[in-house]
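**Q** Dropping the sequence and predicted coords here.
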Amino acid sequence: MSVITVQSVKMVTANMLLSVFFLSAALADCPYEPALFISAPEQMEALSGSCLQIPCNFRVKPGEKFSSKGKIFGVWIKRDIRFGLFPENVIFNSSKMNNIYPMSLTGDLSDKSCTTLFSSLITDYTETYYFRIEKPSFRVTAVCDPLQITVNDSAPRPRMNLSGDVNDLKEKQSVTITCSAFTPCPHSPPKLTWTLQQDPHNIMEQDTDGTFTTKIQETITLSDTHDGLSISCSAGYPVNEGKDVKTAAAAGITLSVSYAPRNTSVSVSPSGLVSAGSWVKLTCSSRAKPPASRFTWFKNSKDGAVRVAGGDSYSFMVTSVTDIKDYYCMATNALGSQTSPWINTEDHPEFGVGVYVTVKILGIVALYSTFIIFECWFRSRCCNKPEKEAEEPDYVNRVIEIQAS
């Protein structure tokens with residue numbers, strides 16, 4: 001069975017159900033005992049300068065003598081059903097070539113379709129209307145099925161819909177975003193545009209009550225990049241036979257998407273040179289919605305990564321340059337986890353260089369100190385001789401002098 005056939009069956013079924021509904025409602029609320037009923041929207045809105053298609057089907061009261069054979073004429077009356085007292089209220093009769101209002105019957109009356117096209121609308125056409133059937137043996141008005149038509153100067157605002165719970169959107173979830181606009185005149189449907197893409201494909205669909213809706217839609221898989229994304233949709237309605245366009249106020253929605261941690265990283269403080277034996281503080285941060293509720297710290301070891309602490313920060317004493325680069329953190333929220341890269345000393349040259357320079361300086365100082373201490377000790381050993389060794393030459397000289405004399 002083709003799609004068109006399926007849609008036709010659905011429309012016939014819907015019209016039958018609507019007929020039963022309107023018949024029941026009319027019989028319950030109407031003070032008259034009509035012989036004719038129509039299934040049509042009770043209220044319709046239209047745009048001035050455009051047209052309005054009125055979906056309409058009629059049904060006669062059971063037991064009434066009505067034949068679809070022969071000539072059948074459709075009549076539209078405004079305001080008051082007593083057209084005999086107010087003949088000017090008969091604004092359209094399909095048996096006439098010239099009518100007061102620009103209307104035409106597009107439905108087949110022999111098939112009980114009274115669908116009517118109301119053209120070149122102006123705000124003065126805002127009124128209550130009644131439909132009537134006329135043929136030689138059957139002249140009745142659907143007095144219990146009034147149709148209220150309102151003609152506006154401003155275009156109706158489109159509607160934005162989002163599949164799924166708008167308050168519980170999560171990353172990796174597929175959602176369909178739809179912008180739709182009421183289409184009173186399917187011969188001149190509105191042009192819909194939105195900020196999701198430049199030239200979306202407009203689709204016109206017939207609703208169960210016979211009216212039409214124009215829509216655009218797109219299915220997307222949500223990610224963190226969609227969080228806070230504002231989507232607006234606008235509609236332009238052709239009027240005055242396409243010579244002008246009336247633009248409706250834009251509709252819009254803003255997406256709120258939850259996602260697992262992103263851009264997890266580690267910062268190190270203090271930011272200056274760090275000497276061996278001093279303390280440093282590592283801080284873990286990430287972008288997540290909801291914010292990360294747990295942070296875990298890991299340190300590299302000969303047996304692999306080992307959990308060393310929890311919390312968004314971790315402090316330890318630096319003993320060598322390798323101490324800093326041995327760490328990474330993991331951020332976790334309800335939607336997942338993400339680990340930071342291992343701390344790269346190339347990303348923090350001040351710490352690696354600081355420790356290295358400090359150790360080097362300490363080594364040089366220690367070396368020079370050793371040389372100075374050794375030199376002092378050596379000098380003290382070489383230069384501080386006993387006092388008698390200094391006086392011995394004088395004693396020898398005196399002995400020699402005495403012997404010579």
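**A** Ah, there it is.
**Q** What separation is there between the spatially most central residue of the chain and His201?
**A** For the chain, the residue whose C-alpha lies nearest the mean C-alpha position (CA atoms, centre = their mean) is Leu255; its distance is 3.1 Å. Counting by CB to CB, to the nearest Å, the gap from Leu255 to His201 is 22 Å. Bear in mind the C-beta positions are built from the backbone N, C-alpha and C, glycine included.
**Q** again, but for Pro190
**A** Following CB to CB, the distance that separates Pro190 from His201 is 14 Å.
**Q** more crowded one of the two?
**A** Pro190 (29 against 10; other CB atoms under 10 Å).
**Q** Correct me if wrong: Pro290 contacts Asn333.
**A** Yes - using CB atoms under 8 Å, Pro290 is in contact with Asn333, at 5.6 Å.
**Q** who has more neighbours, those two?
**A** Just comparing Pro290 and Asn333: by other CB under 10 Å the higher neighbour count belongs to Asn333, 19 against 10.
**Q** who's in contact with that one?
**A** Applying CB atoms under 8 Å, 6 or more residues apart in numbering, one finds that Asn333 lies in contact with 260-261, 288-294.
**Q** Make TSV out of the residues you listed and add secondary structure.
**A** Converted to TSV, the contacts of Asn333 look like this (DSSP: H, G, I helix; E, B strand; the rest coil):
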residue	secondary structure
Ala260	strand
Pro261	strand
Ala288	strand
Lys289	strand
Pro290	coil
Pro291	coil
Ala292	coil
Ser293	coil
Arg294	strand
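**Q** From the residues you listed, pick the one nearest Gly210.
**A** Lys289 (44.4 Å; CB to CB).
**Q** The closest one - how many residues pack around it?
**A** Other residues near Lys289 come to 20 when the count uses other CB under 10 Å.
**Q** Could you list the low-pLDDT ranges of the stretch 151-300 of the chain?
**A** Along the stretch 151-300 of the chain, segments meeting pLDDT under 70 span 272.
**Q** the strands in it, which residues?
**A** Using DSSP state E, counting those that start in this stretch, the strands found in the stretch 151-300 of the chain span residues 159-162, 169-170, 174-183, 191-194, 203-206, 212-221, 230-239, 244-247, 251-254, 257-269, 279-289, 294-301.
**Q** What count of nearby residues applies to the closest residue to Cys179 other than its chain neighbours?
**A** The shortest distance from Cys179 to any non-neighbouring residue, by CB to CB, 6 or more residues apart in numbering, is to Cys233 (3.6 Å). Other residues lying near Cys233 total 26 when counted by other CB under 10 Å.
**Q** close enough to count as contact, Cys233 and Pro190?
**A** No - assessed by CB under 8 Å, Cys233 is found out of contact with Pro190, at 10.8 Å.
**Q** Tell me the residues that contact both of these two, please.
**A** Counting by CB under 8 Å, 6+ apart, the residues touching both Cys233 and Pro190 are Pro158.
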